[in-house]
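1. quick one, structure for this:
(chains A and B)
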Amino acid sequence: MIKISGIYKSFGTTPVLKNISTEFKPGKTNLIIGKSGAGKTVLLKLLVGLIAPNKGQIFYDQVDFLQLKKKDLRTLRMKVGMLFQGSALFDSLTVEENIRFPLDMFTEMTKKEKSDRVNTCLNRVSLDGINSKFPSELSGGMQKRVGIARAIVLNPSYLFCDEPNSGLDPKTSLVIDELIKDITIENNMTTIINTHDMNSVMEIGDNVVLLHEGEICWQGNKDEIMASDNEILHDFIFASPFLQRLRNAAVSNGFHI
Amino acid sequence: MVITKLLNHLGKYLILMGNAFSKPEKTSMYYREVIRQMHDIGVGSLIIVFIISLFIGAVTAIQFAYQLDGTLVPDYYIGYVVRDMTIIELAPTITCLVLAGKVGSNMASEIGGMRQKEHIDAMEIMGVNTAAYLIMPKVLAAVIIIPILVAIAAFVSIGGGFIASVPTGLLSGQEFVMGLRSFFMPYNVFMMFVKSFVFAFLLTSISCYQGYNVKGGSIELGKASTNAVVISDIMILLADYLIAVVLI
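-> Presented below is the predicted three-dimensional model:
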């Protein structure tokens, strides 16, 4: 579980996050949503320690993340996997070398064990046999899946995904969402996803946190979204003119949305 | 304002170097990277170093022969001057200035590109000490391989002096060799290696610092690459002066 309490972050005199407190539970897909500039990426970067907050605390299973010494921080980070928006695969390494990188760096496994582990991870993301390809030879969706394979190679307890669906078609997005959801349940990981993809929210949103102007303005699960009367939430969900027309048509036909 | 900025950069540079030279997570990974970098810097720079050294030696010989024309200084001094000019000054300084342009800008672009593509963030989140993994092998490789390149440059430069002066009839081969063997001080070779070691450290560490701290897009990456070359060159020339003052 990851718990944050009283997080405040500003850049210069501009506050980006104001007094954010919430919990992200294991075995659940926790989604952070919000408009561009709402502070989603900053919150995710704070959670993984890429930037530090001005105030507040972050707990990884009772461990105060911000008070950790460098060495302990590195040990904890080995339990963290992250999928980046652009996948962040190392261009000069093959798929196998990319996935094997954390194993090479942190484990004493034999070559055979590493190779088996890489193949297991590739199999898990349905990409068997692409070991020798380079990232530039893969499609965007495949790169994301390789990114997931690399993120889970050390069996992390926490998985962070920054815009996992960006640049992907709706079908591929669905595949990525389902993959993240399944892996989260299988490994009982605490998964935090930063997204503004409404399909993801409605498909895998076990715990959805809506950020608005640096504050949490709504929190609940995907089933509670429609029942909520939070205007900011509804403005965000039905921002697309197509969805607005659909909602208006539904309401005019006597359905309540 | 400028001094504050300079001190700020100096502080950040020293902190980065402190992090870069901390204990590696896994020595074998770093060792492999050092070997790869030695190959890239050494083999990759051999041709340019060879060409530049050859011409520097040739020009030194011809210029000195021109200065000696009509004087009572014996011709074999051409060999002597080419040797000492090359060993003390031209081989280490010119080679490292050229390498700052070739290797330094390459390192700044490589690390800066990794910063922009979130590769460095990805490594950080894995628990890798990115300063150490990305910078230490490059600096170590450079301080090992660049002195060797400088030694090669010195030999080639002397060869260039020979080619430019002997076949053209400026002096005989025997005179050139006699010049090479006259007034030789092994201490000058020591000085050459001290210079090349210090210059190698400066050009790689400054370039890595510039690349590691890139923020923004391609324009900033280009600026970082240019800064890496310009600042490395200035620091090499400053260090050249200081070493000359201290060691001579």
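
2. so A:Lys181 sits against A:Ser200, correct?
-> No: assessed by C-beta atoms under 8 Å, A:Lys181 is found out of contact with A:Ser200, at 9.5 Å. In this view, the C-beta of every residue, glycine as well, is placed from N, C-alpha and C.

3. would you list every one of the helices in the stretch 1-150 of chain A?
-> A:40-48, A:70-77, A:95-106, A:111-124, A:140-152 (DSSP state H, counting those that start in this stretch).

4. what's the angle from the fourth one to helix A:95-106?
-> Meaning helix A:111-124. 130 degrees (axes from the mean of the first three to the mean of the last three C-alpha atoms, to 10 degrees).

5. helix A:111-124 vs chain B: in contact?
-> No: using C-beta under 8 Å from any C-beta of the partner chain, helix A:111-124 stays clear of chain B, with a minimum separation of 12.3 Å.

6. likewise for the third one?
-> Yes: Helix A:95-106 reaches chain B (C-beta under 8 Å from any C-beta) through A:Phe101, A:Pro102, A:Asp104, A:Met105, A:Phe106.

7. list the contacts for the residue of chain A found nearest chain B?
-> Closest approach between chain A and chain B, counting by C-beta to the nearest C-beta: A:Arg77, at 3.7 Å. Contact analysis of A:Arg77 by C-beta atoms under 8 Å, 6 or more residues apart in numbering or on different chains lists A:Val48, A:Gly49, B:Glu124, B:Ile125, B:Met126, B:Gly127.

8. switch the cut-off to 6 Å
-> B:Ile125, B:Gly127 (C-beta atoms under 6 Å, 6 or more residues apart in numbering or on different chains).

9. can you tell me how far it is from A:Thr120?
-> Distance of A:Arg77 to A:Thr120, given as C-beta to C-beta, to the nearest Å: 22 Å.

10. and the longest helix for chain B?
-> Once chain B is assigned using DSSP state H, the helix that runs over the most residues is helix B:27-68.

11. what mean pLDDT does that one have?
-> Mean per-residue pLDDT for helix B:27-68: 94.

12. do stretch B:90-110 as well
-> So the average pLDDT for stretch B:90-110 ends up being 96.

13. and the contacts of that stretch?
-> B:41, B:45, B:49, B:52, B:56, B:138, B:150, B:153-154, B:157, B:192, B:195-196, B:199, B:203, B:207-208, B:210-211, B:224-225, B:228-229, B:232-233, B:236, B:240.

14. tell me the buried residues within those.
-> Buried members of these, scored by 16 or more other C-beta atoms under 10 Å in any protein chain shown, are B:41, B:45, B:49, B:52, B:56, B:138, B:150, B:153-154, B:157, B:192, B:195-196, B:199, B:203, B:207-208, B:210-211, B:224-225, B:228-229, B:232-233, B:236, B:240.

15. and B:Ala228, what pLDDT?
-> 97.

16. contact partners for it?
-> Counting by C-beta under 6 Å, 6+ apart, B:Ala228 has contacts B:Gly104, B:Ser105, B:Ala108, B:Ser207, B:Gln210.

17. how close does it get to chain A?
-> Taking C-beta to the nearest C-beta, to the nearest Å as the measure, B:Ala228 falls 20 Å from chain A.

18. please report how far that residue lies from A:Lys55.
-> 37 Å.

19. next to chain B, which bits of chain A? Give me the list.
-> Contact residues, chain A versus chain B (C-beta under 6 Å from any C-beta of the partner chain): A:48, A:50, A:74, A:77-78, A:80, A:82, A:84, A:88, A:90, A:102, A:104-105.

20. and the helices in chain B?
-> Under DSSP H, chain B gives helices at B:2-20, B:27-68, B:77-84, B:91-99, B:105-116, B:119-126, B:130-165, B:173-181, B:186-212, B:218-247.

21. by contact count, what packs against the second one?
-> Helices and strands touching helix B:27-68, by 3 or more C-beta pairs under 6 Å, 6 or more residues apart in numbering or on different chains; DSSP states H and E, are helix B:77-84, helix B:91-99, helix B:130-165.

22. picking that back up, could I get the helices of chain B as TSV with distance to A:Cys161?
-> As requested, these are arranged in TSV below (distance: least, C-beta to C-beta, whole Å):
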stretch	distance to A:Cys161
helix B:2-20	28
helix B:27-68	27
helix B:77-84	63
helix B:91-99	42
helix B:105-116	20
helix B:119-126	12
helix B:130-165	21
helix B:173-181	66
helix B:186-212	26
helix B:218-247	27
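
23. tell me which of the contacts of B:Ala228 is nearest to chain A?
-> Distance ranking of the contacts of B:Ala228 against chain A, using C-beta to the nearest C-beta, places B:Ala108 first at 16.8 Å.

24. ok, which of the helices of chain B comes nearest A:Thr41?
-> Across the helices of chain B, the minimum distance to A:Thr41, taken as C-beta to C-beta, is reached by helix B:119-126, at 11.4 Å.

25. in stretch A:93-100, what's buried?
-> Buried, per 16+ other C-beta under 10 Å, within stretch A:93-100: A:Thr94, A:Val95, A:Glu96, A:Glu97, A:Asn98, A:Ile99, A:Arg100.

26. again, but for stretch A:204-215
-> Residues of stretch A:204-215 classed as buried: A:Ile204, A:Gly205, A:Asp206, A:Asn207, A:Val208, A:Val209, A:Leu210, A:Leu211, A:His212, A:Gly214 (neighbour count, 16+ other C-beta under 10 Å).

27. identify the residues contacting the first one.
-> By that I understand A:Ile204. Here A:Ile204 is in contact with A:Thr29, A:Asp177, A:Lys181 (C-beta under 6 Å, 6+ apart).

28. which ones among those residues lie within strands?
-> Within the contacts of A:Ile204, residues falling in strands by DSSP state E are A:Thr29.

29. among the contacts of A:Ile204, who's most crowded?
-> A:Thr29 (28 neighbours; other C-beta atoms under 10 Å in any protein chain shown).

30. what segments of chain A are strands?
-> Using DSSP E, strands in chain A cover A:2-11, A:14-24, A:29-34, A:55-60, A:63-64, A:80-83, A:158-162, A:190-194, A:207-212, A:215-220.

31. out of those, the one nearest B:Phe162 is which?
-> strand A:80-83 (59.2 Å).

32. residues touching A:Met1, list them.
-> With C-beta under 6 Å, 6+ apart, A:Met1 has these contacts: A:Lys25, A:Pro26, A:Asp61, A:Thr190.

33. ok, B:Leu134 next?
-> B:Ile111.

34. pLDDT wise, what is it at?
-> Looking at B:Leu134, its pLDDT reads 96.

35. now it: how far from chain A?
-> 12 Å.

36. now swap in B:Met107 and tell me
-> For B:Met107, the distance to chain A - C-beta to the nearest C-beta - is 14 Å.

37. okay, buried residues for stretch A:73-85 please.
-> So stretch A:73-85, judged by 16+ other C-beta under 10 Å, has buried residues A:Arg74, A:Leu76, A:Arg77, A:Met78, A:Lys79, A:Val80, A:Gly81, A:Met82, A:Leu83, A:Phe84, A:Gln85.

38. can you check the pLDDT for the second one?
-> It stands for A:Leu76. At A:Leu76, pLDDT is 89.

39. got the contact list for B:Val49?
-> Taking C-beta under 6 Å, 6+ apart as the definition, contacts of B:Val49 comprise B:Thr95, B:Leu149, B:Ala153.

40. next up, the contacts around the second one.
-> Meaning B:Leu149. B:Val49.

41. could you rerun that using 8 Å?
-> Counted by C-beta under 8 Å, 6+ apart, B:Leu149 has contacts B:Ile41, B:Gly42, B:Ser45, B:Leu46, B:Val49, B:Thr95, B:Leu99, B:Ser196.
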